[in-house]
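S.K.: A structural model of the following input is requested.
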Amino acid sequence: MSDIGVDETLVETLRAYADGLKRGFESKGRYQPEDQLKPPVSTLLQAAGSLFGLEVRTHTEILADDGLGRPDIGVFTSGLLTGHVELKAPEKPADPTRLRGGDRQQWERFKGLPNLLYCNGREFVLMRSGERVASATIGEDPITEGANAVSAPAAAKLTAVLREFLRWEPIAPSSPKQLAATLAPLCRLLRGAVLTAVKAENEELTALAKDWRRYLFPSASDEEFADAYAQTLTYALLLARIEGDTAFSIDAAAKSLATGHSLLASALKILSDEQARQHLAIPFSYLERTISAVDPAQLMKKSKGDPWLYFYEDFLAAYDPEMRKNRGVYYTPIEVVHCQVRLVAELLRDRFDADRDFTDPQVITLDPAVGTGTYLLAALEHSLDAVEARSGTGARRSAASTAAKNLHGFELLVGPYAVAHLRLTQMIHAENAKPGSDGVRVYLTDTLESPHKEPPEHLPLLYKELGEEHERARRVKESTPVMVCIGNPPYDREQRAQNAAAGPRKGGWVRFGDGGDDSRPLLQDFIEPLSDLGYGVHAKNLYNDYVYFWRWALWKVFEQQGGAGKGIVSFITASSYLLGHAFAGVRATMRSTFEEMWILDLGGEGRGARKSENVFAIQTPVCIAIGVRRGPTDGACKVWYHAIDGSTAEKLAALESIRSLADVPWIAVTANEPHEPMLPSTGGAWNTWPRLTDLFPWQESGLQFKRTWPIAADVGTLDVRWRTLLASSSRALVFKETRDLKISKEVAPLIAGSPKLTPLGLLTPDEPMPSSQPYAYRSFDIRSAIIDPRVGDYLRPSLQHCHSERQVYLATKFTLQLGTGGAASATCYLPDLDYFNARGGRDIVPLYRDRDGREPNIATGILALLTARLGQSVSAEDFFAYCYAMLAGPAYAETFADELSIPGPRIPLTTNPRLFDEAVALGREWLFLHTYGERFVPTSRRAGRIPAGAIKCAKGTSDDPAEYPESFSYDAAKRELRVGDGRFTGVSPEVYEFQVSGYKVVQRWLAGRMKERSGKRSSPLDDIRPERWTFDNELLQLLWVLEHSCAKFATHAALLVRILGSKLISADELAEPTFEDRAGPRPSRRGNTVQETLNL
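M.R.: The predicted structure is shown next:
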C-alpha cells in the first residue's frame, strides 16, 4: 500500500490504462473516440473488481435504439447486472449535466438509471437516478501524458468511485411514486432493446411481433409492440412481486400469476421466451433485480390511502411523456370520481329502483377506458358502504360477489390494465368474496375495435389464454346489456386530413364501421348534420378520442338492444362539444338519446384569453356530463347546467361537497333546435343581435406553414435561411418535413399555368430564394414570408384566390372566449393561422370573396335592409367599417364580458343614421391605422403613411451586431421604452400594455425580435436570426398606430353606449345565410389566377 492508502497494484493498473489510451489515440487519432475507450475502460473495471474481491465482466455489444443510443457498457458483478458506463469523447465533459445537444437529450433518457458511470477517459462521474453521487479524475490528461498522468492522490479518489459503482445494490423504493420513477427508465431500456431487435429483423423477436399482431392486435406497429412487450413484462413482474412472490424470477412470476391474472401469466410466458430473453439480457436483468428488491409491505406502509391510485400516471410521465399526452393519460382526481359515482348512484336508486346501486343484480357497469380502475373501485366502495349502512356488515360479502360479476372495464394499455387487475382483485378479496374462475372482469382490449370481429381460429397453445380473454371482451361489446357507462375517456385529436393515408387511423369501428357497402359507421350520426347546417368544414374537429368514446357509449347503453336501452352515461371529457360548430351533430344526438342531462362545467382553459385553472394537468377545458334515459324518448331532452369556478383546489372542494343533484343550483338550458349549444342563454338583448358569422358568412383559417423558418422579421434573414437549407447535407431534417410536405414532393404552383416547381430536394445550392412577401404574422406584427407551396403545408388557396390590393381581413375569435382588449384586428396582408392572438382557428373574415372587390363577403339582403332602414346607401366598405368599430376597441369586450363567455361576437346594428355614420367614420380611421395606411385611406392622406405621433425615438438602437438587443424594458413613470441601448419616449402605459384579446402587442412584437428568439423552434434554421438591429422605424410606426388608436378609446366607449340605447335591428329581421353564402370561393385552375397575389 502507498502512503495515502491506495493499492499500488491499482495505481499500476491505472498507469497501464492511461498508457494504453495514449497509444490508442496516437495510432487512431480522434476517430470514433467512444469506441476507442471501450476496451481500456472495460479492462480497468475488471481489474478494479478483482482488487475489491468481485468477479466483474462487461458487455459492450449493446445495440443502439431509437436515435439517442444506449449506454456503451453493461457491467456485471457475480453474474448480476450492476450498472452501465456511458463513454464520451475526451473533449466533452464527463458530467452529463454540462452536456449539450444530442448528448443532453441522451442524458435525459439515461438519467433515471440507478447506477450509471460517465467517463471521458480522464474523468469519472457516478450518477444515480439523475443525481451526482461522486466523481474523480485519473490525474492529468492520459491521452497526452500517458502513464505520467496518474497521481497517487487522484488514484485514491478514483478507487473510491469505482468501489461505489461496482458494489451497487438496488434500493427498495419507499413509495409508489419512487417506484414509478425507478421502473420507468428500465422499462424504457427494454422497449428500446426490443424495438432495435425487431427493426434489425432478429428472428425470435420478429416472430413474436408477428404473432402478437396475428392473434391479438392486428394494427400494432413495431413501436407499439415494443412498448406492449416492455410494459407487459414490467407490470407482470411487479404484480407477481406485490402479490407476495418471494422466490422471485421471471419463471416463478409466471406461475404465481396463473391464478387470478391468467392473461398476464400467459403474456409473460410468451414474451420471456428463452431465445428472446438471450437478446434482451441486460434490461431483463435490471428489471428482475430491481423488482426483486421491492418490499410490498413497505410500499403500503408509506402510502397515504390507495398506493396505486396515481401510480401509472407517475410511471408514464417518467417513461414517455409524449405517450402520456397522446394517450390522454391524466388520471382523474378522486373528488371528480366520487362526485360522478355519487350522482350516478342516486339516479340508479331514484330512476331505476336499484336499491344497491352499483351492486344491484340488474346493474351492469362498464368503464370503457378503465385506466387503473379508479372508477370501478370507487363505485364498489360507495355501494358496499351503502349496503352496510342499510343491511349490516354481513351484507358486504354478497354485494361484492355480485359486483365482481357486474363491474367491467376495458383498457388498451398493459400497464394500467395490470394495476386495475391488482386493485380490483385486492378489493374483492378484502371482502372475502371471490372474483370468479376467470378473475375480475377487466379486459385488455381496444374498446373501439369492432364487436363483430371473430377471433383467429386454431390459436397456438401459448396464445390460448390471451385469445380467450380477447373473445370474452368481444362478447361484452357484442351482447352484454350495460346499464351504466362511466369514466374518463382519453382526449387526443387526430391532426390529419381526412384523405391522408399515412398509417392506421384512430376511431376504429366507430369511425369506419365493419367495412363494406352496408356498414354505416356510428360517427356518421355526428358528422352528417353538419352539411345541412353549413358546418361541414368543421368536421375535422370530431376526429378525437373522446368523441369516439361518447358515440360508442351512446350506442352501447341505448342503441345496442334495438334502440330500447335504458341507463346512464357519465363522462368527464373536453367540454368543446357544448358549443362548437363541429359538435352540432353530437349535441343533436345527445338530445335525441337522453331524457335528461346534467352538465358540470369545470372550465380549465389554459391557452385562451380567459385562463382558468384545470382539475387535470392539461390546458383543455373539461366538464362532467351525466345523461339518463328510462325508455323511449320524444327527443325533448331537459338539459341542466352549472359552472364551477375558482382555483383547482376550490373546484375539487366544490365537487366533494356535492352529495346529490339537489345540492347544485342548476340552470335550465333552452334551445329551439337540438343542435344548439348546451350552454344557458345569457339573456337580455344580446341574443337578439345578429352573430358576426351571419353577417359575414364565409370565414377561413389563416395560412399554416407547419414550420416557422419561412417567416422572419426581415428579408435578409430569410435569404440566409434559404441558402443554409440548400447547402445542408441533411436537407430533409433542416427543412422539417411533415406528413403532407416533403422535400421530394412535387407540388402545384400557386399561380395557375405557371411552370412546374422543382422539388426542394432537387434544387442546386445556388438556387435563388423565391420572392418574399409582407406577412401578417400576428396582430399589428408584419413580417416577411416565403409564400411558396414547397415550404408551407396549408397556404389556403381560397385566400390566395381573393387576395388583392382591395382586400382586407378582419380577425376575431368565433369558438374561443375573447379576452381583454380589442375583440378584433385587421390586416391587408395574408394572415397567419394564429394571426389574431397567437391562437388560431377559422377566424379570418375577408371583406371580399374575389380579387376585384365585386363580391363582398356579406350575407344576401343585409346591405339592402340597412339601406332601407337607414334611409341612405350603405356600401360593403361602410358596413365592414361599422362592424370593425364595434369590435376593435376594448369597450366591447368589457361591456359584454359575461355574454362573451359563450364564444362568438354579435353586432348591435343601429337604425339611427347619425350613429351609424359615426361608427363608420371611426371604423374607417381604425382600419386605415391598423393596415398601416394601406386600406381605407382618407382623401387627405397618402397610402402607406401613418401620421406621426407624440412618441419619439430619443436614441436610436445600435446596429452593431455585437450590441444586438437581448432585452427590452419599460419605465411607466418616465413613459420610456428601452430596446437594447435605444430609447423611445412618450410611450404611455396604454400603448405599452395594448392588448388584442389578451395578446400584448408591443411586448410580443419586441420579444419576437430579440437576440434569443421566443416561441417554438421548428428547425435549426430558426436559430438564424437578424445579424443587426434595423427595426427602429418599424417599431416607431407600430407605436404611432397604437397611440392614435388609444386616443379614440373614450370616443368608442361613449359611441357604444349611445348605439346600445338606440333602436337596433334584430337577427330575426335578417335572412339566414345560404349554403352558397357560407361556402368559400373555389379557385379556378384556369383563367382567373392568383398572379397578382404574389407580386403585391
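S.K.: burial of Q178, as a residue count?
M.R.: Neighbourhood size, Q178 [other CB atoms under 10 Å]: 16. Every C-beta, even on glycine, is put in place using the N, C-alpha and C of the backbone.
S.K.: Double-check that it belongs to a helix.
M.R.: Yes: applying DSSP: H, G, I helix; E, B strand; the rest coil, one finds Q178 inside a helix.
S.K.: Local confidence estimate at it?
M.R.: Model confidence at Q178, expressed as pLDDT, equals 85.
S.K.: how near is it to D971?
M.R.: For Q178, the distance to D971 equals 49 Å [CB to CB, to the nearest Å].
S.K.: R854 now?
M.R.: From R854 to D971 the distance is 51 Å (CB to CB).
S.K.: more crowded one of the two?
M.R.: The residue with more neighbours, out of R854 and D971, is D971; 13 against 10, by other CB under 10 Å.
S.K.: Count residues in the vicinity of the closest residue to P368 other than its chain neighbours, would you?
M.R.: Closest residue to P368 apart from its sequence neighbours, by CB to CB, 6 or more residues apart in numbering: T447 at 4.4 Å. As a burial measure, T447 scores 27 neighbours (other CB under 10 Å).
S.K.: Same question for A265.
M.R.: Around A265 there are 21 residues (other CB under 10 Å).
S.K.: Okay, and it sits in which element?
M.R.: helix 262-271 (DSSP states H and E).
S.K.: Then G409?
M.R.: strand 407-411.
S.K.: what's that strand packed up against?
M.R.: Contacting strand 407-411 under the criterion 3 or more CB pairs under 8 Å, 6 or more residues apart in numbering; DSSP states H and E are the following elements: strand 365-367, helix 374-391, helix 414-430, strand 442-444, helix 464-479.
S.K.: What are the boundaries of the helices in the stretch 751-900 of the chain?
M.R.: 797-802, 862-870, 876-887, 890-895 (DSSP state H, counting those that start in this stretch).
S.K.: Ok, the stretch 1-150 of the chain next?
M.R.: Going by DSSP H, counting those that start in this stretch, the stretch 1-150 of the chain shows helices at 8-28, 33-51, 101-110, 142-145.
S.K.: Out of those, flag the one nearest A954.
M.R.: Nearest of the helices of the stretch 1-150 of the chain to A954, taken as CB to CB: helix 101-110 at 41.7 Å.
S.K.: And the average pLDDT for the closest one is what?
M.R.: 82.
S.K.: in it, what counts as buried?
M.R.: 103, 106-107, 109-110 (16 or more other CB atoms under 10 Å).
S.K.: how about CSV for those residues, with distance to M769 added?
M.R.: Supplementary listing: the buried residues of helix 101-110 in CSV, determined by distance: CB to CB, whole Å:
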residue, distance to M769
D103, 34
Q106, 35
W107, 38
R109, 38
F110, 41
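S.K.: for the residues you listed, which one is nearest E411?
M.R.: Nearest to E411 among these is R109, at 26.6 Å by CB to CB.
S.K.: any idea how far the closest one is from G102?
M.R.: Taken as CB to CB, the span from R109 to G102 is 11 Å.
S.K.: Check S1019 too.
M.R.: S1019 sits 16 Å away from G102, going by CB to CB.
S.K.: Repeat that for M427.
M.R.: Applying CB to CB to M427 and G102 gives a distance of 47 Å.
S.K.: Only the buried residues of the helix or strand following the helix holding A265, if you could.
M.R.: Downstream of helix 262-271, the next assigned helix or strand under DSSP H and E is helix 274-278. Counting neighbours by 16+ other CB under 10 Å, one finds that the buried residues in helix 274-278 are A276.
S.K.: Centre of the chain to helix 274-278, how far?
M.R.: Put simply, helix 274-278 sits 37 Å off its chain's centre (CA atoms, centre = their mean, to the nearest Å).
S.K.: and that helix, average pLDDT?
M.R.: Rounded mean pLDDT across helix 274-278 is 73.
S.K.: Mind jotting down where the strands sit in the stretch 901-1050 of the chain?
M.R.: Ranges of strands in the stretch 901-1050 of the chain, per DSSP state E, counting those that start in this stretch, are 909-910, 952-955, 968-971, 976-979, 982-985, 995-996, 999-1000.
S.K.: can you redo those as a markdown table with distance to Y229 and mean pLDDT?
M.R.: Listed next are the strands of the stretch 901-1050 of the chain as a markdown table, based on distance: least, CB to CB, whole Å; pLDDT from 0 to 100:
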| stretch | distance to Y229 | mean pLDDT |
| --- | --- | --- |
| strand 909-910 | 64 | 98 |
| strand 952-955 | 64 | 98 |
| strand 968-971 | 52 | 97 |
| strand 976-979 | 55 | 98 |
| strand 982-985 | 59 | 98 |
| strand 995-996 | 50 | 97 |
| strand 999-1000 | 46 | 96 |
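S.K.: Tell me which of those sits nearest to Y794.
M.R.: Nearest of the strands of the stretch 901-1050 of the chain (CB to CB): strand 999-1000, 22.1 Å.
S.K.: What are the contacting residues of that closest one?
M.R.: 609, 778-779, 821, 836-838, 993-994 (CB atoms under 8 Å, 6 or more residues apart in numbering).
S.K.: Look at W555 and give its secondary structure.
M.R.: W555 ends up helix, using three-state DSSP.
S.K.: Number of residues surrounding it?
M.R.: Per other CB under 10 Å, the neighbour tally for W555 reads 18.
S.K.: Tell me if I'm right that it and L522 touch.
M.R.: Yes: W555 lies in contact with L522 (CB atoms under 8 Å); the separation is 5.4 Å.
S.K.: Between those two, which contacts overlap?
M.R.: Common contacts of W555 and L522, defined by CB under 8 Å, 6+ apart, comprise V510.
S.K.: Can you give me the neighbour number for the closest residue to Y17 other than its chain neighbours?
M.R.: Leaving aside its sequence neighbours, Y17 sits nearest to L44 (CB to CB, 6+ apart; 4.8 Å). Around L44 there are 24 other residues, counting by other CB under 10 Å.
S.K.: so L44 sits right up against E12, yeah?
M.R.: No: with contact defined as CB under 8 Å, L44 does not count as touching E12 (11.7 Å).
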